[in-house]
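J.: One predicted model, sequence on top.
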Amino acid sequence: HGVPGSIRWDTTLLPETVFMDERIITLILSNLLSNAVKFTPDKPDIWVRAAADDHQIVIEVSDNGRGIPLGEQEKVFERYY
């Protein structure tokens with residue numbers, strides 16, 4: 001029993017090898033994806049894009065859900081919000 005929908009990845013703009021803390025990146029991605037699924041109840045269509053920018057990795061997650069209300073957007077990086 002799963003949620004019908006899709007999660008698509010675009011990592012073509014990443015180098016072949018990326019060095020990062022596996023535990024931290026797993027935590028970040030699982031949190032972002034679980035929120036995308038949770039707040040997109042009907043057939044989530046989720047895109048994960050990652051690209052290298054100088055010495056950092058930029059990760060973008062987008063979905064077809066209802067979005068974050070404008071007044072709450074500034075709080076998205078607060079723990080447990």
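T.: Yep, it's here. Residues are numbered from 1 along each chain as shown.
J.: Find the nearest non-adjacent residue to the residue nearest the centre of the chain, please.
T.: Nearest to the geometric centre of the chain sits residue 61, at 3.5 Å (CA atoms, centre = their mean). Residue nearest to residue 61 in three dimensions, not counting chain neighbours: residue 32, with 4.5 Å by CB to CB, 6 or more residues apart in numbering. C-betas here are computed from N, CA, C, even on glycine.
J.: so who does the one you found touch?
T.: 48, 59, 61 (CB atoms under 8 Å, 6 or more residues apart in numbering).
J.: Looks to me like it is in a strand.
T.: No. Using DSSP: H, G, I helix; E, B strand; the rest coil, the secondary structure at residue 32 is helix, not a strand.
J.: For residue 53, list each beta-bridge partner.
T.: residue 56 (DSSP bridges).
J.: Model confidence at the residue nearest to residue 61, what's the number?
T.: Residue 32 is assigned a pLDDT of 86 by the prediction.
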